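Chemist: turn this into a model:
(chains A and B, ligands or ions: 3)
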Amino acid sequence: MKKIFEAPKSLKDNLFHYCPGCGHSIIHRLVAEVIDELGIQERTIGVPPAGCAVLAYNYFDVDTGEAPHGRALAVATGLKRVLKDHVVFTYQGDGDIAAIGTAESIHAANRGEKVTAIFVNNGTYGMTGGQMAPTTLPGMGSTTTPGGRDVVRDGAPLDLTQMLATAKGSVFLERVSVATPKDIRKAKKAIKKAFQVQLDGLGFALVEVLSPCPTNWKMDPVAAYEWTDKEMTKIFPVGVIKDITGYDKD
Amino acid sequence: MGEAAVRAGCRYYFGYPITPQNEVPEYMSGRLLQVGGTFVQAESELASINMVIGAAMAGARVMTSSSSPGVSLMQEGISYLAGLELPAVIANVVRGGPGLGNIAPAQSDYFQATRGGGHGDYRTIVLAPASCQELCDLTVKAFDLADKYRNPVMIMGDGMMGQMMEPVEFPEAIDLADLPAKDWTLTGAKGRPSRVILSLLLNPKVLEDHNFKLVRKYDAVTREETDWEEYMLEDARQVVVAYGTAARIAKGAIKRVREMGLKVGLLRPKTLWPFPDKPLKDLTRVVRQLLVFEMSAGQMVEDVRLAVEGQAQVHLYGRPGGVIPTPDEVAHQISHYYYQAGLMDKDQQSGRLGGAA
Ligand SMILES: Cc1ncc(C[n+]2csc(CCOP(=O)(O)OP(=O)(O)O)c2C)c(N)n1
Ligand code: SF4
Ligand SMILES: [Mg+2]
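Modeler: Numbers count the residues shown, from 1 in each chain, chains lettered A, B, ... in the order given. Ligands and ions are numbered 1, 2, ... in the order given. Below you'll find the predicted structure:
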């Protein structure tokens, strides 16, 4: 029998621990497919965060080094400065990259570190049980925002990727989603481009991925995907945020 | 220190400015360029120590330096370095605290350095140089120890050392190719299975095993690397315990009291962790009077008390806040306790008895 569909080489043969319907599983697969397609598995180093993806080393079949919560882009800086010919990527949640690690993100982008950041925006602190994230939508429930996020009391959602666009060293920033099959195809394209930017030594690249967390959103997976598509994109519209790669438009 | 680090094979420096140690990053920014290394001025000490983590994961000899408030910010990262078993060198040019404190030389970060500072069951190897030459030698040693034990090593100095001008004999620069290969670094899974350097060990049994493995390592460090200097101990009836700048001042004081006929010596820890508790305990067979002199309100004194297990009287002369006492002030303290303990009478007695100690 001919195999017509198989797991990416860069994914280990382990069962995901993610909740059913979790966006992390899809994003893992996309990143692994891109690593395969670019043929860089043997020289890629991943930096997973503290967050639901802390066990990413169980899945990605590349060298991985765990970073303290929020510090992935500083750790990646250290790695990449030593291993200039290697490919270094971080995989970070919204709390990780846009709250506790804001300074590291902005400065890594500003220095134009030649690394790729995958920023998984699920509007919540998944790992610690659904507290408010910097990206939690107005009115959205969380365990630390009684009655939902109140922008006067709790502040408004932070658009980190937009902020990074002002950093001179950022070269490619795109926000994508995994809400629909069409979105997933776009997401993969963006991720591939963000790795290509690093291979070409152009500077800092980041892909923000809107990703459902059915568990903490207290929705079934179908509703969570729909909510990602309809509600999250109102505050976090998908699309290219910055592109000075000079690659031909496709 | 910067030059010694480069000669020891350090090619990566990450740091954030803070007085009184800015000479180090300033020197490294230029020097590392010359040797094909990398200097990054980070956005904070939090970022510097995590860049250090990354470079250490990649297998490089890497360092950062800072002063007290900055080293406080690094504590989470140092805990990770210890847990991940990554070699790195951190220099703390200690200034007066707590808080912003001042920029004068101090020794008030002893607890922070030797007790971990960060969270979890771990140890940092802590070296305490007392001269420019030793600063240079111990910097080289710091890199060797870090690699040998896969553990963070801290060099504790103070602003006094930064300002001292002394002739220094630099070691030969090592050839990076001569360093032993590391078989655990992240360099890409080429021709081998992928590796992971991980910090999260959710299973309590697994983490306990990891902790006990670290304990065995720390035991080996204690056995092999504890280091101290003995000065005029042969006939001493009272011994001063001091490290770093305080030890230099104490030496001056001891010379003075010796001229007055007081039999006083010095035990100077060169490693603050592991602490030289065995030589201190051994001393108590003949010496019952110890005077701990430190430029803090009294931190190392606790280790001295633990070491002697009640077998000697332990006095403290502690000067916090960045105050540098003069040798005369220390000499005054020494003679005060010397007379108070009646050691002068004993000297005279033994003199009458023909000098038998
Ligand atoms: C210094 C520190 N503070 C807090 C935590 C606890 N913590 C772990 S993950 C996390 C937030 C995770 O949220 P996010 O980054 O959005 O990732 P997600 O789980 O949603 O994918 C927090 C607060 C920690 N590990 N370290
Ligand atoms: S808690 Fe949310 S983000 Fe975490 S694994 Fe479950 S669904 Fe995914
Ligand atoms: Mg999140």
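Chemist: any residue of the top helix by length along chain A touching chain B?
Modeler: Among the segments of chain A that qualify as a helix by DSSP state H, the longest is helix A:181-199. No - counting by CB under 8 Å from any CB of the partner chain, chain B is not contacted by helix A:181-199; separation bottoms out at 13.7 Å. (C-beta placed from N, C-alpha, C; glycine too.)
Chemist: show the subsequent helix or strand relative to that helix.
Modeler: Tracing the chain past helix A:181-199, the next element assigned as helix or strand by DSSP states H and E is strand A:204-210.
Chemist: for that next one, C-alpha coordinates in PDB please.
Modeler: The C-alpha trace of strand A:204-210 is given here as PDB (Å, rounded to 0.1, in the frame of the first residue of the first chain):
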ATOM      1  CA  PHE A 204      14.200  39.300  13.000                       C
ATOM      2  CA  ALA A 205      11.000  37.500  11.800                       C
ATOM      3  CA  LEU A 206       7.900  36.600  13.800                       C
ATOM      4  CA  VAL A 207       4.600  34.900  13.100                       C
ATOM      5  CA  GLU A 208       1.800  35.500  15.500                       C
ATOM      6  CA  VAL A 209      -0.700  32.700  15.300                       C
ATOM      7  CA  LEU A 210      -4.300  33.100  16.700                       C
END
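Chemist: wait, does that strand contact ligand 2?
Modeler: No - for strand A:204-210, no contact with ligand 2 is found by CB under 6 Å from any ligand atom; the gap never falls below 11.8 Å.
Chemist: pLDDT weak spots in the chain?
Modeler: Using chain A. Chain A contains residues with pLDDT under 70 at A:249-250.
Chemist: switch to chain B, that's the one I care about
Modeler: Residues of chain B meeting the criterion pLDDT under 70: B:351-357.
Chemist: beyond the helix or strand encompassing B:Ala253, next helix or strand please.
Modeler: Per DSSP H and E: B:Ala253 is located in helix B:244-259. Using DSSP H and E, the next helix or strand after helix B:244-259 towards the C-terminus is strand B:264-269.
Chemist: so what's residue 13 up against?
Modeler: Going with chain A. A:Ala7 (CB atoms under 8 Å, 6 or more residues apart in numbering or on different chains).
Chemist: my bad, chain B
Modeler: B:Tyr13 touches B:5, B:25, B:28-29, B:32, B:37-40, B:62-65, counting by CB under 8 Å, 6+ apart.
Chemist: buried residues, the longest helix of chain A. List them.
Modeler: A:183-184, A:186-198 (16 or more other CB atoms under 10 Å in any protein chain shown).
Chemist: B:Leu84: which of these is nearest?
Modeler: When the buried residues of helix A:181-199 are ranked by distance to B:Leu84 (CB to CB), A:Gln198 comes first, at 24.3 Å.
Chemist: my read is that the closest one contacts A:Val207, right?
Modeler: No - look at A:Gln198 against A:Val207 with CB atoms under 8 Å: they stay out of range, at 11.8 Å.
Chemist: let me see the ranges of the helices in the chain.
Modeler: Just going to use chain A. Going by DSSP H, chain A shows helices at A:23-38, A:72-82, A:94-95, A:102-111, A:151-154, A:160-165, A:181-199, A:214-217, A:221-227, A:233-235.
Chemist: switch to chain B, please.
Modeler: Using DSSP H, helices in chain B cover B:2-7, B:23-34, B:45-57, B:68-73, B:75-84, B:110-114, B:132-149, B:159-163, B:204-225, B:244-259, B:277-283, B:300-308, B:327-340, B:343-352.
Chemist: out of those helices, deepest packed?
Modeler: Comparing the helices of chain B by mean neighbour count (mean count of other CB atoms under 10 Å in any protein chain shown), helix B:45-57 comes out on top with a mean of 30.
Chemist: got the angle between that one and helix B:132-149?
Modeler: Between helix B:45-57 and helix B:132-149, the angle comes out at 60 degrees (axes from the mean of the first three to the mean of the last three CA atoms, to 10 degrees).
Chemist: before we move on, the earlier item: run the angle between the longest helix of chain A and helix A:23-38 for me.
Modeler: With the same axes, to 10 degrees as the basis, helix A:181-199 and helix A:23-38 are set at 50 degrees to each other.
Chemist: using PDB, write out every CA atom in helix A:181-199.
Modeler: Extracted in PDB, the C-alpha atoms of helix A:181-199 (Å, rounded to 0.1, in the frame of the first residue of the first chain):
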ATOM      1  CA  PRO A 181      -8.200  25.100   6.700                       C
ATOM      2  CA  LYS A 182      -7.600  28.100   4.500                       C
ATOM      3  CA  ASP A 183      -6.100  30.000   7.500                       C
ATOM      4  CA  ILE A 184      -3.900  27.000   8.200                       C
ATOM      5  CA  ARG A 185      -2.400  27.000   4.700                       C
ATOM      6  CA  LYS A 186      -1.700  30.700   5.000                       C
ATOM      7  CA  ALA A 187      -0.200  30.200   8.400                       C
ATOM      8  CA  LYS A 188       2.200  27.600   7.000                       C
ATOM      9  CA  LYS A 189       3.300  29.900   4.300                       C
ATOM     10  CA  ALA A 190       4.000  32.700   6.800                       C
ATOM     11  CA  ILE A 191       6.000  30.300   9.000                       C
ATOM     12  CA  LYS A 192       8.000  29.100   6.100                       C
ATOM     13  CA  LYS A 193       8.800  32.700   5.100                       C
ATOM     14  CA  ALA A 194       9.800  33.600   8.600                       C
ATOM     15  CA  PHE A 195      12.300  30.700   8.600                       C
ATOM     16  CA  GLN A 196      13.500  31.800   5.100                       C
ATOM     17  CA  VAL A 197      14.200  35.300   6.400                       C
ATOM     18  CA  GLN A 198      16.500  33.700   8.900                       C
ATOM     19  CA  LEU A 199      18.200  31.500   6.400                       C
END
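Chemist: residue contacts, whichever residue of the stretch 251-357 of chain B sits closest to ligand 2?
Modeler: Taking CB to the nearest ligand atom, ligand 2 has its nearest neighbour within the stretch 251-357 of chain B at B:Trp273, 39.4 Å off. With contact taken as CB under 8 Å, 6+ apart, B:Trp273 is in contact with B:Ala113, B:Thr114, B:Arg123, B:Thr124, B:Ile125, B:Val126.
Chemist: next, format the helices of chain B as JSON lines and append distance to ligand 3.
Modeler: Output for the helices of chain B, formatted as JSON lines (distance: least, CB to the ion, whole Å):
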{"stretch": "helix B:2-7", "distance to ligand 3": "39"}
{"stretch": "helix B:23-34", "distance to ligand 3": "35"}
{"stretch": "helix B:45-57", "distance to ligand 3": "20"}
{"stretch": "helix B:68-73", "distance to ligand 3": "25"}
{"stretch": "helix B:75-84", "distance to ligand 3": "20"}
{"stretch": "helix B:110-114", "distance to ligand 3": "33"}
{"stretch": "helix B:132-149", "distance to ligand 3": "35"}
{"stretch": "helix B:159-163", "distance to ligand 3": "44"}
{"stretch": "helix B:204-225", "distance to ligand 3": "25"}
{"stretch": "helix B:244-259", "distance to ligand 3": "46"}
{"stretch": "helix B:277-283", "distance to ligand 3": "48"}
{"stretch": "helix B:300-308", "distance to ligand 3": "43"}
{"stretch": "helix B:327-340", "distance to ligand 3": "57"}
{"stretch": "helix B:343-352", "distance to ligand 3": "67"}
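Chemist: of these, give the one that comes closest to ligand 1.
Modeler: Nearest to ligand 1 among the helices of chain B is helix B:75-84; the distance by CB to the nearest ligand atom comes to 6.3 Å.
Chemist: that closest one close to chain A?
Modeler: Yes - Helix B:75-84 is in contact with chain A by CB under 8 Å from any CB, via B:Glu76, B:Gly77, B:Tyr80, B:Leu84.
Chemist: filter the buried residues of helix A:181-199 down to the ones close to ligand 2.
Modeler: Okay, of these, nothing touches ligand 2 (CB under 6 Å from any ligand atom).
Chemist: which among those residues gets closest to ligand 3?
Modeler: Minimum distance to ligand 3 across those is 16.6 Å, recorded for A:Ala187 (CB to the ion).
Chemist: so what's the closest one up against?
Modeler: A:Ile27, A:Leu30, A:Val176, A:Ser177, A:Val178, A:Val207, A:Val209.
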